[in-house]
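>>> Generate coordinates for the sequence data below:
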Amino acid sequence: MTDQSVSVRKRQAILDAARTVFSRLGYAKTSMDDVAEEAGIAKGTLYLYFKSKEDLYLGALARDVREMTERAITAMNAKAGFRDKLTAFLTVRLEYCKANEDFLRIYLAEYGSMFTKTQLRKELCKAARENMQAMAEIVEAAMARRELRRAPAGAVAATIFDVARGLMERRLLGWKELQAKDEVRFAVDLLWSGIGAVKAGK
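Numbering: from 1, shown residues only. Purely as a prediction, here's the structure:
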């Protein structure tokens with residue numbers, strides 16, 4: 001195993017430990033000592049990889065956001081119609097959050113704080129805008145194919161992300177009135193009633 005692969009593995013292990021600790025204690029109460037202890041390394045080693053607690057927190061959150069986004073894009077690209085793409089998008093996010101509850105806790109906690117003026121929040125806002133722009137482009141393409149009625153693509157994309165976040169929050173709260181598959185189906189039906197193209201004669 002090369003030195004580079006060892007370094008990558010150690011970085012991933014640190015991020016896993018950070019996600020666990022931030023989820024358990026919250027950002028304010030977590031210290032670099034806590035993360036080092038969870039990762040089973042010296043604090044000095046931790047600082048070789050991350051210069052500050054904020055840097056570590058952003059690294060843990062950004063890694064999972066990227067992975068969840070990549071999975072969603074891959075799943076959407078495998079589908080032809082927008083309705084199927086939308087179903088894939090929501091399904092991937094719910095499945096990812098179910099399998100990674102530690103991530104979900106810090107993601108939702110941070111999402112509610114995006115408007116405070118720190119570099120951390122600026123970075124997350126930038127990532128959120130980029131993800132929403134990608135969705136808006138998919139929406140625009142569906143409108144061009146006349147799958148969707150004409151509407152501001154950015155507003156449609158933002159609404160889709162809002163619905164997705166609501167589904168994720170209910171997963172964390174443990175509300176089980178509906179199974180995830182049923183929740184996704186209902187959400188898609190609801191969104192489609194507002195954005196789906198109206199067929200001639202209806």
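
>>> Do I have it right that residue 97 meets residue 172?
Yes - between residue 97 and residue 172 there is a contact at 7.4 Å, judged by CB atoms under 8 Å. Any C-beta I mention is one placed from the backbone N, CA and C, and that applies to glycine too.

>>> Okay, residue 77 and residue 137: tell me how far apart.
Per CB to CB, to the nearest Å, residue 77 is found 12 Å from residue 137.

>>> And the worst-scoring helix or strand of the chain on mean pLDDT, what's buried?
Within the chain, no helix or strand scores below helix 101-111, which has a mean of 74 by mean pLDDT, DSSP states H and E. Within helix 101-111, the residues that qualify as buried are 102, 103, 104, 105, 106, 107, 108, 110, counting by 16 or more other CB atoms under 10 Å.

>>> Run through this protein and note the low-pLDDT ranges.
1, 3, 110-121, 123, 176-178, 198-202 (pLDDT under 70).

>>> and the residue most central in space within the chain, what does it touch?
A centroid search over the chain (CA atoms, centre = their mean) returns residue 65, at 4.4 Å, as the residue closest to the centre. Taking CB atoms under 8 Å, 6 or more residues apart in numbering, we find residue 65 in contact with 107, 127, 131.
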